[in-house]
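**Q** Starting from these lines, generate the structure:
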Amino acid sequence: IPDPNIWIIYCAILLLGIAYGVSIAVLAIHLDAHQIPKIAMGGLAAAFAFGIVTFSIPAGWAVQRFGAKKTLLVALVGYACCVSVFPFLTTTSALSVARFFDGSFSVAIWVAAETALLSRSDAKNKAFVMSLYAMSLAIGYVLGPILATFVVKAASTGGTFIVAGVLACIAASVIGLRFTER
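**A** This is a model prediction of the structure:
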(Lines give C-alpha, C1' and ligand atoms only; values in the text may rest on other atoms or scores of the structure.)
Protein backbone atom coordinates (compact mmCIF):
# COMPACT_ATOMS: atom_id res chain seq x y z
CA ILE A 1 0.00 0.00 0.00
CA PRO A 2 2.08 2.92 -1.26
CA ASP A 3 -0.21 5.82 -0.25
CA PRO A 4 0.86 7.00 3.23
CA ASN A 5 -2.59 8.50 3.78
CA ILE A 6 -4.04 5.00 4.00
CA TRP A 7 -1.66 4.22 6.86
CA ILE A 8 -2.58 7.51 8.55
CA ILE A 9 -6.25 6.50 8.47
CA TYR A 10 -5.35 3.09 9.91
CA CYS A 11 -3.52 4.82 12.76
CA ALA A 12 -6.49 7.09 13.50
CA ILE A 13 -8.93 4.20 13.32
CA LEU A 14 -6.76 2.11 15.64
CA LEU A 15 -6.87 4.96 18.18
CA LEU A 16 -10.62 5.25 17.69
CA GLY A 17 -11.01 1.50 18.19
CA ILE A 18 -9.10 1.75 21.45
CA ALA A 19 -11.38 4.63 22.48
CA TYR A 20 -14.45 2.53 21.64
CA GLY A 21 -13.04 -0.45 23.51
CA VAL A 22 -12.13 1.58 26.60
CA SER A 23 -15.59 3.10 26.89
CA ILE A 24 -17.62 0.04 25.94
CA ALA A 25 -15.71 -2.14 28.41
CA VAL A 26 -17.09 -0.20 31.37
CA LEU A 27 -20.33 1.26 30.04
CA ALA A 28 -22.72 -1.14 31.76
CA ILE A 29 -20.69 -1.10 34.98
CA HIS A 30 -20.67 2.69 35.00
CA LEU A 31 -24.40 2.93 34.36
CA ASP A 32 -25.16 0.33 37.01
CA ALA A 33 -23.00 2.13 39.57
CA HIS A 34 -25.00 5.30 38.88
CA GLN A 35 -28.34 3.52 39.38
CA ILE A 36 -29.42 3.76 35.74
CA PRO A 37 -32.22 1.18 35.36
CA LYS A 38 -31.22 -1.91 33.40
CA ILE A 39 -34.11 -1.41 30.96
CA ALA A 40 -32.73 2.08 30.22
CA MET A 41 -29.41 0.54 29.21
CA GLY A 42 -31.14 -1.14 26.29
CA GLY A 43 -32.70 2.18 25.41
CA LEU A 44 -29.27 3.77 25.32
CA ALA A 45 -28.13 1.14 22.84
CA ALA A 46 -31.20 1.94 20.74
CA ALA A 47 -30.39 5.67 20.93
CA PHE A 48 -26.87 4.92 19.65
CA ALA A 49 -28.27 2.81 16.79
CA PHE A 50 -30.86 5.49 15.98
CA GLY A 51 -28.03 8.03 15.67
CA ILE A 52 -26.28 5.72 13.20
CA VAL A 53 -29.43 5.23 11.13
CA THR A 54 -30.35 8.91 11.19
CA PHE A 55 -26.95 10.18 10.10
CA SER A 56 -25.83 7.48 7.66
CA ILE A 57 -27.06 9.29 4.54
CA PRO A 58 -26.13 12.81 5.76
CA ALA A 59 -22.64 11.50 6.55
CA GLY A 60 -22.21 10.63 2.89
CA TRP A 61 -23.48 14.06 1.90
CA ALA A 62 -21.01 15.68 4.30
CA VAL A 63 -18.12 13.77 2.74
CA GLN A 64 -19.24 14.84 -0.74
CA ARG A 65 -19.71 18.47 0.30
CA PHE A 66 -16.77 19.02 2.65
CA GLY A 67 -14.40 16.15 1.87
CA ALA A 68 -13.29 13.14 3.85
CA LYS A 69 -10.68 14.98 5.93
CA LYS A 70 -12.97 17.72 7.25
CA THR A 71 -15.80 15.27 7.88
CA LEU A 72 -13.44 12.91 9.68
CA LEU A 73 -11.99 15.72 11.80
CA VAL A 74 -15.37 17.12 12.85
CA ALA A 75 -16.77 13.65 13.54
CA LEU A 76 -13.76 12.58 15.63
CA VAL A 77 -13.94 15.75 17.72
CA GLY A 78 -17.72 15.34 18.01
CA TYR A 79 -17.30 11.76 19.19
CA ALA A 80 -14.62 12.89 21.65
CA CYS A 81 -17.02 15.46 23.12
CA CYS A 82 -19.89 12.97 23.40
CA VAL A 83 -17.85 10.28 25.10
CA SER A 84 -16.04 12.72 27.40
CA VAL A 85 -19.25 14.26 28.71
CA PHE A 86 -20.84 10.87 29.37
CA PRO A 87 -19.66 10.42 32.99
CA PHE A 88 -21.09 13.83 33.93
CA LEU A 89 -24.61 13.05 32.72
CA THR A 90 -27.03 11.79 35.34
CA THR A 91 -30.40 11.38 33.61
CA THR A 92 -31.49 8.78 31.14
CA SER A 93 -32.63 11.54 28.77
CA ALA A 94 -29.24 13.26 28.77
CA LEU A 95 -27.45 9.94 28.38
CA SER A 96 -29.73 9.06 25.45
CA VAL A 97 -28.91 12.33 23.69
CA ALA A 98 -25.19 11.69 24.19
CA ARG A 99 -25.52 8.14 22.85
CA PHE A 100 -27.56 9.37 19.87
CA PHE A 101 -24.81 11.81 18.89
CA ASP A 102 -22.16 9.19 19.70
CA GLY A 103 -23.78 7.03 17.00
CA SER A 104 -24.17 9.98 14.64
CA PHE A 105 -20.52 10.99 14.86
CA SER A 106 -19.39 7.36 14.70
CA VAL A 107 -21.15 6.73 11.41
CA ALA A 108 -19.67 9.93 9.99
CA ILE A 109 -16.21 8.68 11.00
CA TRP A 110 -16.79 5.33 9.34
CA VAL A 111 -18.22 6.77 6.12
CA ALA A 112 -15.46 9.38 5.80
CA ALA A 113 -12.64 6.93 6.57
CA GLU A 114 -14.00 4.23 4.29
CA THR A 115 -14.62 6.69 1.45
CA ALA A 116 -11.05 7.99 1.73
CA LEU A 117 -9.63 4.48 1.83
CA LEU A 118 -11.61 3.27 -1.16
CA SER A 119 -10.73 6.35 -3.19
CA ARG A 120 -7.02 5.92 -2.48
CA SER A 121 -6.72 2.19 -3.13
CA ASP A 122 -6.46 0.71 -6.58
CA ALA A 123 -9.03 -1.74 -7.93
CA LYS A 124 -7.06 -4.88 -7.09
CA ASN A 125 -6.30 -3.81 -3.48
CA LYS A 126 -9.66 -2.44 -2.31
CA ALA A 127 -10.63 -5.60 -0.40
CA PHE A 128 -7.19 -5.84 1.21
CA VAL A 129 -7.19 -2.16 2.18
CA MET A 130 -10.63 -2.51 3.75
CA SER A 131 -9.62 -5.71 5.53
CA LEU A 132 -6.71 -3.89 7.17
CA TYR A 133 -9.13 -1.09 8.12
CA ALA A 134 -11.41 -3.60 9.85
CA MET A 135 -8.39 -5.17 11.53
CA SER A 136 -7.18 -1.77 12.80
CA LEU A 137 -10.56 -1.09 14.37
CA ALA A 138 -10.78 -4.60 15.83
CA ILE A 139 -7.29 -4.44 17.35
CA GLY A 140 -8.41 -1.27 19.07
CA TYR A 141 -11.48 -3.04 20.43
CA VAL A 142 -9.12 -5.66 21.91
CA LEU A 143 -6.64 -3.18 23.38
CA GLY A 144 -9.33 -0.85 24.77
CA PRO A 145 -10.65 -3.17 27.49
CA ILE A 146 -7.10 -3.99 28.54
CA LEU A 147 -6.38 -0.28 28.90
CA ALA A 148 -9.72 0.20 30.70
CA THR A 149 -8.59 -2.19 33.42
CA PHE A 150 -5.73 0.13 34.33
CA VAL A 151 -7.73 3.34 33.92
CA VAL A 152 -10.52 2.12 36.22
CA LYS A 153 -7.96 1.34 38.92
CA ALA A 154 -6.47 4.83 38.62
CA ALA A 155 -9.49 6.99 37.80
CA SER A 156 -12.76 5.00 38.16
CA THR A 157 -15.14 4.13 35.34
CA GLY A 158 -15.76 7.80 34.62
CA GLY A 159 -12.08 8.24 33.81
CA THR A 160 -12.31 5.72 31.00
CA PHE A 161 -14.70 7.97 29.09
CA ILE A 162 -12.28 10.88 29.43
CA VAL A 163 -9.45 8.64 28.18
CA ALA A 164 -11.64 7.63 25.23
CA GLY A 165 -12.20 11.30 24.43
CA VAL A 166 -8.49 12.03 24.60
CA LEU A 167 -7.74 9.10 22.27
CA ALA A 168 -10.33 10.39 19.78
CA CYS A 169 -8.73 13.85 19.95
CA ILE A 170 -5.33 12.31 19.26
CA ALA A 171 -6.86 10.49 16.28
CA ALA A 172 -8.27 13.81 15.06
CA SER A 173 -4.81 15.36 15.45
CA VAL A 174 -3.26 12.57 13.40
CA ILE A 175 -5.77 13.23 10.62
CA GLY A 176 -5.49 17.01 10.90
CA LEU A 177 -1.72 17.09 10.83
CA ARG A 178 -0.82 14.19 8.55
CA PHE A 179 -3.69 13.37 6.17
CA THR A 180 -3.64 15.14 2.81
CA GLU A 181 -6.87 15.56 0.90
CA ARG A 182 -6.89 14.97 -2.83
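**Q** mind checking the longest helix of this protein?
**A** Determined from DSSP state H, the single longest helix within the chain is helix 126-178.
**Q** Show me what that one is packed up against.
**A** helix 4-33, helix 68-85, helix 92-120 (3 or more C-beta pairs under 8 Å, 6 or more residues apart in numbering; DSSP states H and E). From N, CA and C alone the C-beta is placed, and that goes for glycine too.
**Q** Most tightly packed of the ones you listed?
**A** Of all these, helix 68-85 carries the top mean neighbour count, a mean of 23, counting by mean count of other C-beta atoms under 10 Å.
**Q** what about that helix, distance to the chain center?
**A** Here the centre of helix 68-85 is set off from its chain's centre by 8 Å, with C-alpha atoms, centre = their mean, to the nearest Å.
**Q** What is that helix packed up against?
**A** Contact partners of helix 68-85 among helices and strands, from 3+ C-beta pairs under 8 Å, 6+ apart: helix 4-33, helix 38-66, helix 92-120, helix 126-178.
**Q** closest one to residue 79 among these?
**A** Distance to residue 79, taken as C-beta to C-beta, is lowest for helix 92-120 among those, at 4.1 Å.
**Q** if I look at the closest residue to residue 182 other than its chain neighbours, how far off is residue 33?
**A** The shortest distance from residue 182 to any non-neighbouring residue, by C-beta to C-beta, 6 or more residues apart in numbering, is to residue 119 (7.1 Å). Separation of residue 119 from residue 33 (C-beta to C-beta, to the nearest Å) stands at 44 Å.
**Q** What's the local residue count around residue 91?
**A** 10 (other C-beta atoms under 10 Å).
**Q** before we move on, what SS does residue 2 have?
**A** coil (DSSP: H, G, I helix; E, B strand; the rest coil).
**Q** count of neighbours near it?
**A** 8.
**Q** Can you read off the pLDDT for it?
**A** Predicted confidence (pLDDT) at residue 2: the value is 84.
**Q** From residue 125, how far off is it?
**A** Shown here: residue 2 relative to residue 125, a distance of 10 Å by C-beta to C-beta.
**Q** Mind listing what's buried along stretch 153-166?
**A** Within stretch 153-166, the residues that count as buried by 16 or more other C-beta atoms under 10 Å are 157-166.
**Q** now do stretch 163-176
**A** Buried positions in stretch 163-176, judged by neighbour count with 16+ other C-beta under 10 Å: 163-172, 174-176.
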